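1. predicted coordinates and the sequence they were generated for:
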Amino acid sequence: MHQPSDARGFSLVEVVISMLVVSVLLAAALRAVGASKTGQLTVANRTEAMLLAQDLLAEIVVLPYEDQDTPTSSIGPEAGESGAHRSAFDDVDDYHAWNGEPPVEKDGAAIASASNMQRDVTVTWAKPSDLSASGFSGTGIKRIEVVVRVGNRELARMFAFRCSANRNPFEIDRLSNIELVR
């Protein structure tokens, strides 16, 4: 004689419901991993952008305020100073309106880790009373701004100031600033 057992198997409905729950949990986990990787990439891009901006700004601020051989009242490279790379730039304002896409070293060597980025430089005269505003020539202070982008998205902005020889640099010792773009 055969005795009925209390053990029962899964019904088809229970199996389908279990698969549905597992699928929803798996999709949520994959979305969380994707969001985490996107966040890591964003942080890595911003870090790379800040390093690129700092590197270029450091290269610029060590140069003289103006060309020692041919001082001019205009901002921009003098004749013979524009070219494929920046090795001929010999003063701060030679970098005005310079664009590096993709970013390269001063001698023209590629920066492989930043092939998708672009660096832009703007040099303007700054008003001594309001350094964030552009001034007229002869203020004795030049504002140098470096912006790093990926496509049209701005990742970092950094600026510094360069004084002429007859301007006291201690007047503006608080001026260099780094701004991360959100």
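-> Received, thanks.

2. what sits against residue 45?
-> 117, 150, 155 (Cβ atoms under 8 Å, 6 or more residues apart in numbering). (Each C-beta comes from the backbone N, C-alpha and C, glycine too.)

3. what about the first one, how many neighbours?
-> When you say that, I think you mean residue 117. Residue 117 is flanked by 21 other residues according to other Cβ atoms under 10 Å.

4. for it, phi and psi?
-> Note on residue 117: its backbone torsions stand at phi -110, psi 170 [degrees, to the nearest 10].

5. what does the last one give?
-> Main-chain dihedrals, residue 155, degrees, to the nearest 10: phi -100, psi -30.

6. what's the spacing between it and residue 12?
-> Applying Cβ to Cβ, to the nearest Å, the value for residue 155 to residue 12 is 53 Å.

7. name the SS class of the nearest residue to residue 88 once chain neighbours are set aside, please.
-> Sequence neighbours aside, residue 81 is the residue nearest to residue 88 in space, at 4.7 Å (criterion: Cβ to Cβ, 6 or more residues apart in numbering). On the three-state scheme (DSSP: H, G, I helix; E, B strand; the rest coil), residue 81 is labelled coil.

8. so what's residue 81 up against?
-> Listed by Cβ under 8 Å, 6+ apart, the contact partners of residue 81 are 88-90, 94.

9. narrow the residues you listed to those that are buried.
-> Among those, the ones that count as buried by 16 or more other Cβ atoms under 10 Å are 89-90, 94.

10. show the pLDDT at residue 32.
-> What the model reports as pLDDT for residue 32 is 95.

11. neighbours of it, how many?
-> 10.

12. so that it lines up with my notes, have the first residue be 531 from now on.
-> Happy to do that; since the first residue is 531 now, the last one works out to residue 562.

13. so where does it fall, helix or strand?
-> Assigned by DSSP states H and E, residue 562 belongs to helix 542-591.

14. which strands and helices sit next to the next helix or strand after that helix?
-> Where DSSP H and E defines the elements, the next helix or strand beyond helix 542-591 is strand 629-630. If contacts are counted by 3 or more Cβ pairs under 8 Å, 6 or more residues apart in numbering; DSSP states H and E, strand 629-630 sits against strand 648-655.

15. what comes up buried for the next helix or strand after the strand it packs on?
-> Downstream of strand 648-655, the next assigned helix or strand under DSSP H and E is strand 671-680. Buried residues in strand 671-680, counted by 16+ other Cβ under 10 Å: 671-679.

16. could the contacts of residue 575 be laid out in a markdown table, adding distance to residue 636?
-> What follows is the contacts of residue 575, written out as a markdown table (distance: Cβ to Cβ, whole Å):
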| residue | distance to residue 636 |
| --- | --- |
| 647 | 17 |
| 680 | 22 |
| 685 | 21 |
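
17. out of these, who's nearest residue 658?
-> residue 685 (30.4 Å; Cβ to Cβ).
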